[in-house]
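**Student:** Just need the structure, nothing else, for what follows:
(chains A and B)
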Amino acid sequence: MRSFFGGIHPYDGKALSRNSAIEELAAPKQVVIPLSMHIGAPAKPGVSAGDSVCVGSVIGEAATGVAGISAPVHSSVSGTVAAVEERLHPNGRRIVSVVIDNDFNDTLDAEVVPQTIDEHDYSTDIIRILYKAGVVGMGGATFPAHYKLASGLNRADTLIINGAECEPYITSDHRVLLEDADAVLRGIRHLRRALNLDKAILAVEANKADAIALLKTKLEGTSDIEIRVLKTRYPQGGEKQLIQAVTGRQVPSGKLPADVNCVVFNVYTAWSLNQAIETGLPVISRVVTVSGPGVAYPKNLRVKIGTPVREVLDAAGGLKADARKVLLGGPMMGNAIYDLDVPVIKGTNSIVALAPEQIHHSADTNSVCIRCGRCIGVCPMRLQPVYLYAYERKNKLDELKKLHIADCMECGSCAYICPGRLHLVQAIRSGKAKINNR
Amino acid sequence: MNDTKLIVSSSPHLHGEEDTRSIMLDVIVALIPALAVAAYIFGIRALVLSLVCCASCVVFEWLYRFLLKKPDSVLDLSAVVTGLLLSYCLPVTVPLWAAVIGCGFAIIVVKQLFGGIGKNIMNPALAGRAFMFSWPLLMTNWVKPFSYTSFFDYSLADAVTGATPLVSLYGGSIPQNMTILDKLVGQSGGSMGEISTFALLLGGIYLIWRGIISWRIPVIYIATVFIISFIFPKGGIANLDWALWNICSGGLALGAIFMATDYATSPVTAKGQVFYALGCGLLTLFIRYFGSYPEGVCYSILVMNSCTWLLDKAGKRKIYGQ
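**Tutor:** Residues are numbered from 1 along each chain as shown, chains lettered A, B, ... in the order given. The predicted structure is shown next:
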């Protein structure tokens, strides 16, 4: 079986939520929707306080046209705009957000209607729909999907759908594959046709056996979507790693997947495209796994964008008394938050609460490098974390550049495996910042 | 929930179970078979020597860091490993005071003065042994196996001294009254921990299986010695005999499996490790063939230790996408 370089196999905790069906979480009284939930230029406010909005109304206009890297933002409820102001974003910064009081009428915006696709200009139409619906990389990377698709036009010979879901605890893509496989497959077929390819590859890690079996039954007798079972290994779902595992190709430093003729979309991105086509609904909700040993009843929920994390946690029985660390995203690359009122955004695939013993583990400060070299063995980018660490400590920025520090994607495999408990990723981030600031 | 303060830190938020102590514990476990053989062959004196070395290494480490107000590092067990390893490359007859001084040199001068675990540029145990060759007679006083009157015969007063297999080998003949199998099991004279190639291999397999060391250094080191000595036998000894005796004699297995693989003093890059092991093998044979005393493992590893940084630079691999 082809694979990627290095990697680790952490305890995955997926059993906590793997078998719980997606539940609909009722919309909150008030949503806070940041105008930046994607990579690229933030959307521009399209409403002001006092305006009435409907479900699916544009509240933030993409800063660029369909050819640029930005995405529009839509209201997830109907009601009145209470404010357009800076609010705390899950990334820890204050970002202009639209605050909407829910009137609980769920009035749909008039623009939310099923989309028709021009058979003669399939790609343009799909790109337009992705752009209009604000579809971004729903696996958490949040790169605008329309731009990605456009980058692959006439270049991509391989379309990969990322169903690896390699981060511990997260089961949202797994549940979507199990419960709504048909919608995902229809979304994949739209992407495949848009790229003018005969086949798409849906890559799933072997730990989702039930989903793989289901998909195989559904795809019996067809040849336009191939299920590729990958071995369970983190960070399998990293875009560069997935491309390597599926095609054997390596994306050169600073280049895009399209430069090696690949385009990669997440399972939920395909699902969101399908929703945008069939109902006209933009990205106004997403499936979130609420899990971890610090959560009372781990489960998977469909949550309106802008819902406070606190309400999502409450729906899962709330935090246990001893939970002291809450993460948005997985425990390997997710963000720790300090305020439970930050909203769920497009990239929030999970909310994970850790147990005290896990926190203690990662907060160990008596760290000494014993030069065991494990970090070099697990680095999927084939970097040398031990030397990056050493040179960062000594501020040798030229050496850091020679060791390709910019290629580190901060997957955390090195820090996970380090027996000396070195804060390797932190040092690498700090090294990158020092280089940028000089 | 009421708003208790949440902890914020940067990712990753999970950590593997393995830590420095668990690694050192694995090394200690891997060293036990050789200690058991040493006790069987030489009696209680071998156990006492190991114990004294471990204890003095731990005390020196603790004392140094206590006096210099540095965080205590005794619990990482690396000092215990150094103590065990140093005792393994001593003749069982060595006086305890000499062993204690060797341990002091290893821990204070070689390890702590350079900054402690991970920072030393030479293997502490080997450097300690090299230092102890200030007393060449004490360091070459080999006794024959089973020289004790009983297991608890500490003095070894009636012990018969004799040349080690390596000495007779380079004297021009295969050791008398001994088969290669005896040597494998450990029924020969020599430093207390190096005599049983079999016990050391067992430890090596354990370490590789547990992922503590890579196969590269021990396998390439031993293979280099085997192949070169197979091609150039000495004193009319058959090629295969010469090569087998070479890899089973002296400190080769101990050095290749436990000393050359020391994390701090060996390269971390795969390519670096290959050249390092090759260099160890070639230097070992160079010293054995042309040196005045036919034990090259200790010095060849110490020399290659000092090339580690350079080998890592040279061994830099292509990154993903390069």
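**Student:** so what are the domain limits for chain B?
**Tutor:** Domain assignment for chain B, taken from automatic domain parsing, gives B:20-138, B:164-313.
**Student:** For chain A, find the nearest of the ones you listed.
**Tutor:** For the domains of chain B, the distance to chain A is smallest for domain B:164-313, at 3.4 Å, taking C-beta to the nearest C-beta. To be clear about C-beta, it is placed using only N, CA and C from the backbone, and glycine gets the same treatment.
**Student:** Kindly check the end-to-end length of that closest one for me.
**Tutor:** For domain B:164-313, the first and last residues are 39 Å from each other (C-alpha to C-alpha, to the nearest Å).
**Student:** Distance from the chain centre to that domain, please.
**Tutor:** Taking the mean of its C-alpha atoms, domain B:164-313 sits 10 Å from the chain's own mean (C-alpha atoms, centre = their mean, to the nearest Å).
**Student:** same question, stretch A:265-274
**Tutor:** 11 Å.
**Student:** Could you tell me how many residues sit around the residue lying closest to A:Cys411 once chain neighbours are set aside?
**Tutor:** With C-beta to C-beta, 6 or more residues apart in numbering or on different chains as the criterion, A:Cys411 has its nearest non-adjacent residue at 4.3 Å, and that residue is A:Pro235. Neighbourhood size, A:Pro235 [other C-beta atoms under 10 Å in any protein chain shown]: 26.
**Student:** Please list the residues of chain B that sit near chain A.
**Tutor:** Neighbours of chain A within chain B, by C-beta under 8 Å from any C-beta of the partner chain: B:1, B:3-16, B:18-20, B:22-23, B:71, B:73, B:76, B:78, B:116-118, B:263-264, B:267-269, B:312, B:316-322.
**Student:** which of these are buried?
**Tutor:** B:6-7, B:10-16, B:18-20, B:23, B:73, B:76, B:78, B:116-118, B:263-264, B:267-269, B:312, B:316-317, B:319-321 (16 or more other C-beta atoms under 10 Å in any protein chain shown).
**Student:** Show me what residue of chain A gets nearest to chain B.
**Tutor:** For chain A, C-beta to the nearest C-beta, closest residue to chain B: A:Gly412, 2.9 Å.
**Student:** Tell me who's in contact with that residue.
**Tutor:** A:332-333, A:425, B:11-12, B:14 (C-beta atoms under 8 Å, 6 or more residues apart in numbering or on different chains).
**Student:** And the pLDDT for it?
**Tutor:** What the model reports for A:Gly412 is a pLDDT of 96.
**Student:** The nearest residue to A:Val77 once chain neighbours are set aside and A:Ala433, how far apart?
**Tutor:** Nearest residue to A:Val77 in three dimensions, chain neighbours excluded: A:Asn102, at 4.2 Å (C-beta to C-beta, 6+ apart). Distance from A:Asn102 to A:Ala433, counting by C-beta to C-beta, to the nearest Å: 40 Å.
**Student:** neighbour count winner among the two?
**Tutor:** A:Asn102 (21 against 10).
**Student:** quick one, what contacts the residue nearest the centre of chain A?
**Tutor:** Closest to where the C-alpha atoms of chain A average out (C-alpha atoms, centre = their mean) is A:Gly140, at 1.2 Å. Listed by C-beta under 8 Å, 6+ apart, the contact set of A:Gly140 reads A:329, A:333, A:347-349.
**Student:** Of the contacts of A:Gly412, which pair is most distant in space?
**Tutor:** A:Val425 and B:Leu14 (11.9 Å; C-beta to C-beta).
**Student:** Tell me the predicted confidence for B:Ser306.
**Tutor:** 95.
**Student:** So what's the residue count around it?
**Tutor:** 11.
**Student:** Then A:His120?
**Tutor:** A:His120, neighbours per other C-beta under 10 Å, totals 7.
**Student:** Which of the helices and strands in chain A ranks last by mean pLDDT?
**Tutor:** Least confident helix or strand of chain A, by mean pLDDT, DSSP states H and E, is helix A:356-363 with a mean of 69.
**Student:** so how far is the helix or strand that comes right after it off the chain centroid?
**Tutor:** Counting by DSSP states H and E, the next helix or strand C-terminal to helix A:356-363 is helix A:374-378. With C-alpha atoms, centre = their mean as the basis, helix A:374-378 stands 25 Å off its chain's centre.
**Student:** quick one: pLDDT of residue 295?
**Tutor:** Just so you know, I chose chain A. Looking at A:Val295, the pLDDT reads 95.
**Student:** Not quite, go with chain B.
**Tutor:** 83.
**Student:** quick one, what contacts it?
**Tutor:** B:166, B:250-251, B:287-288.
**Student:** JSON lines please, covering those and showing neighbour count, pLDDT and secondary structure.
**Tutor:** As requested, these are exported to JSON lines (neighbours: other C-beta atoms under 10 Å in any protein chain shown; pLDDT from 0 to 100; DSSP: H, G, I helix; E, B strand; the rest coil):
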{"residue": "B:Leu166", "neighbour count": "26", "pLDDT": "83", "secondary structure": "helix"}
{"residue": "B:Gly250", "neighbour count": "27", "pLDDT": "87", "secondary structure": "coil"}
{"residue": "B:Gly251", "neighbour count": "26", "pLDDT": "91", "secondary structure": "coil"}
{"residue": "B:Ile287", "neighbour count": "19", "pLDDT": "94", "secondary structure": "helix"}
{"residue": "B:Arg288", "neighbour count": "24", "pLDDT": "93", "secondary structure": "helix"}
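**Student:** Which of those residues sits closest to A:Gln115?
**Tutor:** Checking the contacts of B:Glu295 one by one against A:Gln115 (C-beta to C-beta), the nearest turns out to be B:Gly251, at 76.0 Å.
**Student:** Touching the strand or helix carrying B:Val48 from outside, list them.
**Tutor:** Using DSSP H and E, B:Val48 sits within helix B:44-67. If you take C-beta under 8 Å, 6+ apart as the criterion, helix B:44-67 is touched by B:35, B:38-39, B:70-74, B:79-80, B:82-84, B:86-88, B:90, B:92-94, B:96, B:99-100, B:102-104, B:106-108, B:111-112, B:116, B:148, B:151-154, B:156, B:192.
**Student:** Point out the ones among those that are inside helices.
**Tutor:** Under the assignment DSSP state H, the contacts of helix B:44-67 contribute B:35, B:38-39, B:79-80, B:82-84, B:86-88, B:96, B:99-100, B:102-104 to helices.
**Student:** May I see the buried residues of stretch B:53-71?
**Tutor:** Result for stretch B:53-71 [16+ other C-beta under 10 Å]: buried residues B:53-54, B:56-62, B:64-65.
**Student:** So for that stretch, mean pLDDT?
**Tutor:** 96.
**Student:** so how far is that stretch off the chain centroid?
**Tutor:** 21 Å.
**Student:** returning to what we had before: would you turn the contacts of A:Gly412 into CSV with pLDDT and secondary structure?
**Tutor:** Formatted as CSV, those follow (pLDDT from 0 to 100; DSSP: H, G, I helix; E, B strand; the rest coil):
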residue, pLDDT, secondary structure
A:Met332, 96, coil
A:Met333, 95, coil
A:Val425, 95, helix
B:Ser11, 90, coil
B:Pro12, 93, coil
B:Leu14, 91, coil
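**Student:** Of those, which is the nearest to A:Ala26?
**Tutor:** So of the contacts of A:Gly412, ranked by how close each gets to A:Ala26 (C-beta to C-beta), first place is A:Met333, at 29.6 Å.
**Student:** Perfect, that will be all.
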